[in-house]
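Undergrad: one predicted model, sequence on top.
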Amino acid sequence: MPDLKITTKQAIMLVVTVIVSHTIVTLPATLLQETKSATILNLIYVSILALVLAYLIYKLFKKFQGQDIIDISEYLGGSLLKNIVGAIFIVYFLSSSGILLRNFAEGLKVIYFPNTNIAFIILAFIVTLCYTNTLHFSSNVKAVSIILPIVIISIIFLFIGNIQNFSFQRALPILGNGIYNTFIYGIENIVAFGGISCLYFIPPLLKEPEKMKKIAITSILVCAFYLLICTSTILFMFSFFDTVDEILPLYTAASYIEFGTFFQRLDAIFLLIWVLEICCYLSIACHFSMFAFKKITKIKYLKPLAFIFPLFIFGIALLPRTIADSRFIGDTVYKYIILAVVFLLSFAILIFANIRKKKEGVQNQEQD
């Protein structure tokens, strides 16, 4: 395998990019529909939980430095478990990419290309993805390092530019529909941090693997801030969340910004930035799925997969028959996939692998 080592800063940006990409599409509206006016409080709550989980990931990986979740699966259950876990993550990355791309493309179709077949809009992203897959992974990481800060600045600008349109009373009552909905049922909003899945794959790619703790904690803190800005913008601007454009709710907010006669239609600039961000996300997800495939099949080169995996994403993106189907999958089905794969399955593997490692350490001490 060629040298794919990335810096601590680049690793943080990879994790943040995955989470940020979902906020561009339907995530803010989905969070608001779940917890209503209590969304800000709920996000603070789930952000704390995400920080705890990120720290646990760091601790659980500590005894397996330089290994990813597939390597640890092989240690725990041999080739069988390794292949199963690898296949699950490949399906997870490809399906999440396909559905996200479909939902974003639907938004583009509604806004700019109402008479264009959705397949052609999706195909434009796939062609771009095929090209980026032929580049060295470090090139894609550098692109992320340039584009992500611009995206974050654009969201902060979106928040500041709309302050005049805010009604802070919309955050009342603070507990929304009650304590249970905010803190018990609302715990499902932890899926907003689904990008934490990247932490399972970056250890072998790090130049400084000992800084895994910094990567895990910092990425969650940045994402928590970003999510609060996004959801606060939608919450304070619109009285009824379900009447907002649920495909690209942030675009709806961007269309309200006005800075005199000269600065008009800034929403088009926002959309261009977000298109670049979606391309970065697709590249990351596709590369991680190819890395997983390479590990379970032990093929030598990734380049033969550069065009095959984007075609899988293209096919998945075209599977939903209507926009309602793609939204249902993106908002509901995808949520339970994240909970099952990213949080339950992965944590179970890490915990049992650490238990086995501890038992082996005790046995070695007894033999000595």
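TA: Yep, it's here.
Undergrad: isn't Ile190 right up against Phe343?
TA: Yes: counting by C-beta atoms under 8 Å, Ile190 does reach Phe343; the two are 7.2 Å apart. Where C-beta positions appear, they are placed from N, C-alpha and C, glycine not excepted.
Undergrad: and those two? which has more neighbours close in?
TA: Here Ile190 and Phe343 are set side by side on neighbour count (other C-beta atoms under 10 Å), and the busier one is Ile190, at 21 against 17.
Undergrad: wait, what's in contact with that one?
TA: Contacts of Ile190 were listed using C-beta atoms under 8 Å, 6 or more residues apart in numbering, and they are Val46, Leu49, Ala50, Leu53, Leu339, Phe343.
Undergrad: one more: Met237?
TA: Met237 sits next to Asn162, Asn165, Phe166, Ser167, Ala253, Tyr256 when contact means C-beta under 8 Å, 6+ apart.
Undergrad: so where does the last one fall, helix or strand?
TA: Right, Tyr256. Following DSSP states H and E, there is no helix or strand that holds Tyr256.
Undergrad: any idea how far Phe270 is from it?
TA: Going from Tyr256 to Phe270 by C-beta to C-beta, to the nearest Å gives 11 Å.
Undergrad: these two: who's more crowded?
TA: Phe270 (22 against 16).
Undergrad: just checking, that one touches Leu250?
TA: Yes: the pair formed by Phe270 and Leu250 meets the contact definition of C-beta under 8 Å, at 7.4 Å.
Undergrad: what's the overlap in contacts for those two?
TA: Common neighbours of Phe270 and Leu250 are listed as Leu158 (criterion: C-beta under 8 Å, 6+ apart).
Undergrad: among the contacts of Ile190, name the buried ones.
TA: When neighbours are counted using 16 or more other C-beta atoms under 10 Å, the contacts of Ile190 contain these buried positions: Val46, Ala50, Leu53, Leu339, Phe343.
Undergrad: may I ask which helix or strand encompasses the residue lying closest to Leu199 once chain neighbours are set aside?
TA: On the basis of C-beta to C-beta, 6 or more residues apart in numbering, the spatially nearest residue to Leu199 that is not a chain neighbour turns out to be Ile57, at 5.2 Å. Secondary structure here is read from DSSP H and E; on that basis Ile57 sits in helix 39-61.
Undergrad: might you list the low-confidence residue ranges for this protein?
TA: For the chain, applying pLDDT under 70 flags the ranges 1-4, 239-247, 258-265, 364-368.
Undergrad: which residue ranges of it form helices?
TA: Assigned by DSSP state H, the helices in the chain fall at 8-24, 27-35, 39-61, 69-111, 118-133, 137-161, 179, 212-237, 249-254, 267-297, 308-318, 323-328, 334-338, 346-367.
Undergrad: mind putting those helices into TSV with distance to Ile202?
TA: Written out in TSV, the entries for those read as follows (distance: least, C-beta to C-beta, whole Å):
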stretch	distance to Ile202
helix 8-24	5
helix 27-35	22
helix 39-61	10
helix 69-111	10
helix 118-133	18
helix 137-161	11
helix 179	37
helix 212-237	7
helix 249-254	27
helix 267-297	9
helix 308-318	19
helix 323-328	29
helix 334-338	18
helix 346-367	13
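Undergrad: and these: which comes nearest Pro173?
TA: Smallest distance to Pro173 across the helices of the chain (C-beta to C-beta): 10.2 Å, for helix 39-61.
Undergrad: tilt between that closest one and helix 212-237?
TA: Taking axes from the mean of the first three to the mean of the last three C-alpha atoms, to 10 degrees, one finds helix 39-61 and helix 212-237 inclined to each other by 170 degrees.
Undergrad: could you dump helix 39-61 to PDB, C-alpha only?
TA: Output in PDB follows, covering the C-alpha atoms of helix 39-61 (Å, rounded to 0.1, in the frame of the first residue of the first chain):
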ATOM      1  CA  THR A  39     -33.500  21.000  19.700                       C
ATOM      2  CA  ILE A  40     -30.700  23.300  21.000                       C
ATOM      3  CA  LEU A  41     -30.900  21.700  24.500                       C
ATOM      4  CA  ASN A  42     -31.100  18.300  23.000                       C
ATOM      5  CA  LEU A  43     -28.000  18.900  20.800                       C
ATOM      6  CA  ILE A  44     -26.000  20.000  23.800                       C
ATOM      7  CA  TYR A  45     -27.100  16.800  25.500                       C
ATOM      8  CA  VAL A  46     -26.200  14.500  22.600                       C
ATOM      9  CA  SER A  47     -23.000  16.400  22.000                       C
ATOM     10  CA  ILE A  48     -21.900  15.500  25.500                       C
ATOM     11  CA  LEU A  49     -22.800  11.900  24.900                       C
ATOM     12  CA  ALA A  50     -20.900  12.000  21.600                       C
ATOM     13  CA  LEU A  51     -17.800  13.300  23.400                       C
ATOM     14  CA  VAL A  52     -18.100  10.400  25.900                       C
ATOM     15  CA  LEU A  53     -18.300   7.900  23.000                       C
ATOM     16  CA  ALA A  54     -15.400   9.500  21.100                       C
ATOM     17  CA  TYR A  55     -13.300   9.200  24.300                       C
ATOM     18  CA  LEU A  56     -14.300   5.600  24.700                       C
ATOM     19  CA  ILE A  57     -13.300   4.900  21.100                       C
ATOM     20  CA  TYR A  58      -9.900   6.400  21.800                       C
ATOM     21  CA  LYS A  59      -9.500   4.200  24.900                       C
ATOM     22  CA  LEU A  60     -10.700   1.100  23.200                       C
ATOM     23  CA  PHE A  61      -8.300   1.600  20.300                       C
END
